[in-house]
Each structure stands twice: as C-alpha cells, then as structure tokens.
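**Q** The following block contains a protein sequence and its predicted model.
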Amino acid sequence: MKKTLELLKKLTAPVGVSGAEYNIVSVLKELLKPYGDVTVDNMNNVFCTFGDGYHFLLDAHLDEIGFVVTDITDDGYIKFDQCSRTDLRFLPAYEVFVWGKREVKGIISTLPPHLQTADDEKKAPKLKALAIDTGYTKEKLIDFVSLGDKITLKRNFTPLKNNYLSASCLDDRSGICAIIIALDKLKNLPCKITVMFSSQEEVGTRGAKIGPFGKNIDEAISVDVSFAYTPGCDKADCGEISKGAMIGFSPILDKTISKKLVDAAKKNNIPYQCEIMAGRTGTNADVISVNGSGIKSALISIPEKYMHQAVEVVDLDDVKAVADLIVAYITERAGEINA
C-alpha cells in the first residue's frame, strides 16, 4: 500500500479546480509518459494511448471542487461563488487558499456563537453572506488577486488506521490512482488502451462529452467515487468502505460489461459490491456512452466517505480492488477477442 499512498500524495497535492486544471495536467503528463503517447486537448483532457487492436477507454476526471472570486470589497474581503456543488454547512471558519498571482491564505467569515440568533443556529449560511478574510486591505489584495481566480479548501493529507486515507480531492484523484496502478499490467496486452483523465466533470461532465470523439473506442470504463455509508445515510443508497470495487448497473450502462466485471471479480477473488442506479449515474459514463454513434460503457466506483468535503476518506484496499478489477476484466476480454 505504500506505493499507492505515495502516488495519492502526489496526485492530491496539485490544484485543479474545474476550468483551471493546469497544475494537475502537468503532473499527469509526466506520470503517463512511461506508458505511451501523451496528448492534451483544448479542454485540458489528458490522454495516453498505447497498443493495437480492440480499443478500450479508461476514464477518470482530474478536476476538483472549488470556488471563484467574484468581488473584492472596499474593506478587503473576498466574495466568492461555487464552481461545483459544495456543502455550505461547513464553510464558516474554514481555511481556504486563493490562487491568484501567488497563493493567498484566508478564512471564511463567520459569526461567533455569542452573536448568532436562534434562527442562525438552525440553518446553513447563505453563500452571499460569506466572505474570505485574508488580512489584506483591498489596495494590497488587488495586486495579486483578481476576479475569476480560483479558491480551494485547505489541502489535507492524513493517513488513518486500517489503510484509510483522508485527503482533499480524492474525488476523483483516487480514480486516477487506480487507473495508473493498472497500467503496468495493461501495457503488454493484445489490445489498444486510451487513458482519458478528463476535465470539468464537476461543472457538467464537459471534458468527457468531447474527449472520446473520433478515437474509435470500442468500449469504455469510467472510474469515479461513490457514496460510502456513514451514520445518517440510508444504507440502501450507499456502498460500504472496505468492501471493494462498486460495479455499476444502470440503464445507461452496458449490462453485459457490468455482468462480466462481476464474473471477473469472482474469478479473481477481487472484493466487489454492486451499485444499482435507476437512471443516470451522475458520472462521465453518462456522456461517454452517447459520444459519437455511442460507446458501450461501464462504471466502477471507489466507496468514499464525506464526498465534496476537504476530508474525503477512502480505503487504499478499495483503490487496489478497482485497479485489479480493471486488469482482470481487460485481460480476459482481450483474450476472448483475440482467441
């Protein structure tokens, strides 16, 4: 697990808020170089292609949740808005980084409990009521912060017991990690592999909508995170952390591939669980499946606690299970096609 932990530390450090993914793109280009031809398109999707024959696409998104600077007030506070859906309840008093011409640390404003009314205690704050306090005056702040600059929650990387990891943007850097781990065993198989680390998933699966176009993909597997049970959740709506890869079943997913993923997991003693969705999956698989004339698509997810928070938690064994399942399925599928 040490290698997985080190890789995730490298993957979760770079900032990559939707629409400003340049830092994580640079890291991924270097990590993928040993495997094949690496390219980056106009949407900041990162591709790596190797091999020949039946063509598999492996997808995970590289962007993360964040905020954008909308105003700097006369008294030096930064007003902001969401770049993706975030839980507003935890924002007051949270530490953030503003990524302008240089990194600026700040605190999201909050009322002390002594000054809150009874109504204040019962409701989540309105985003428009919040502001970021950096300690700078407006005159100084505008030298290195501009409207449109991106903001992230304070970075977190905290290994926990039993191979658990709490870190920022494990959605979906853990999915990227699983694919990269799989590549060493995939690179010599008799098939063609295209890795697509896609942009702007958090603002509408935008990168994945255009990424596969013209690449003649035969089938695709998207890797993302999904909900792991915690107190307060309905168990019927969640997977379980430490119980393995979550194999998706949905009307938009190819049922044959989903069943073969289950068969591969059973055959190779890979821990797995099934995730049943009545319609759209809320992942890149939704748009990849209707790209061009249509692509047979599957979804494998990593169970994750505390999604869209700065303290997301995954089990490294679940990340490995996803990587092992990708390898087992593509190995068997390539063997069938080339038999």
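**A** Received it, and whenever you're ready, just let me know what you need.

**Q** in the longest helix anywhere in the chain, what's buried?
**A** Using DSSP state H to assign secondary structure, the helix with the most residues in the chain is helix 316-337. By neighbour count with 16 or more other C-beta atoms under 10 Å, helix 316-337 contains the buried residues 316-331, 333-334. Placement of C-beta: from N, CA and C, glycine included.

**Q** Repeat that for stretch 302-319.
**A** 302-310, 312-319.

**Q** Next: stretch 29-46.
**A** Buried, per 16+ other C-beta under 10 Å, within stretch 29-46: 29, 31, 32, 35, 36, 38, 40, 43, 44, 45, 46.

**Q** As JSON lines, these with secondary structure, distance to residue 54 and pLDDT would be great.
**A** As requested, the buried residues of stretch 29-46 are arranged in JSON lines below (DSSP: H, G, I helix; E, B strand; the rest coil; distance: C-beta to C-beta, whole Å; pLDDT from 0 to 100):
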{"residue": "29", "secondary structure": "helix", "distance to residue 54": "26", "pLDDT": "97"}
{"residue": "31", "secondary structure": "helix", "distance to residue 54": "25", "pLDDT": "97"}
{"residue": "32", "secondary structure": "helix", "distance to residue 54": "21", "pLDDT": "98"}
{"residue": "35", "secondary structure": "coil", "distance to residue 54": "18", "pLDDT": "96"}
{"residue": "36", "secondary structure": "coil", "distance to residue 54": "16", "pLDDT": "94"}
{"residue": "38", "secondary structure": "strand", "distance to residue 54": "21", "pLDDT": "97"}
{"residue": "40", "secondary structure": "strand", "distance to residue 54": "25", "pLDDT": "97"}
{"residue": "43", "secondary structure": "coil", "distance to residue 54": "26", "pLDDT": "95"}
{"residue": "44", "secondary structure": "coil", "distance to residue 54": "28", "pLDDT": "96"}
{"residue": "45", "secondary structure": "coil", "distance to residue 54": "22", "pLDDT": "98"}
{"residue": "46", "secondary structure": "strand", "distance to residue 54": "22", "pLDDT": "98"}
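
**Q** Could you export those residues as a markdown table, including distance to residue 338?
**A** Below are these laid out as a markdown table (distance: C-beta to C-beta, whole Å):
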| residue | distance to residue 338 |
| --- | --- |
| 29 | 31 |
| 31 | 29 |
| 32 | 25 |
| 35 | 21 |
| 36 | 19 |
| 38 | 26 |
| 40 | 31 |
| 43 | 33 |
| 44 | 34 |
| 45 | 29 |
| 46 | 28 |
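
**Q** Which single one of these is nearest to residue 79?
**A** Nearest to residue 79 among the buried residues of stretch 29-46: residue 44, at 26.4 Å, using C-beta to C-beta.

**Q** Name the nearest residue to the closest one, ignoring sequence neighbours.
**A** residue 199 (4.1 Å; C-beta to C-beta, 6 or more residues apart in numbering).

**Q** show me what contacts the one you found?
**A** 18, 19, 21, 43, 44, 45, 61, 62, 63, 206, 207 (C-beta atoms under 8 Å, 6 or more residues apart in numbering).
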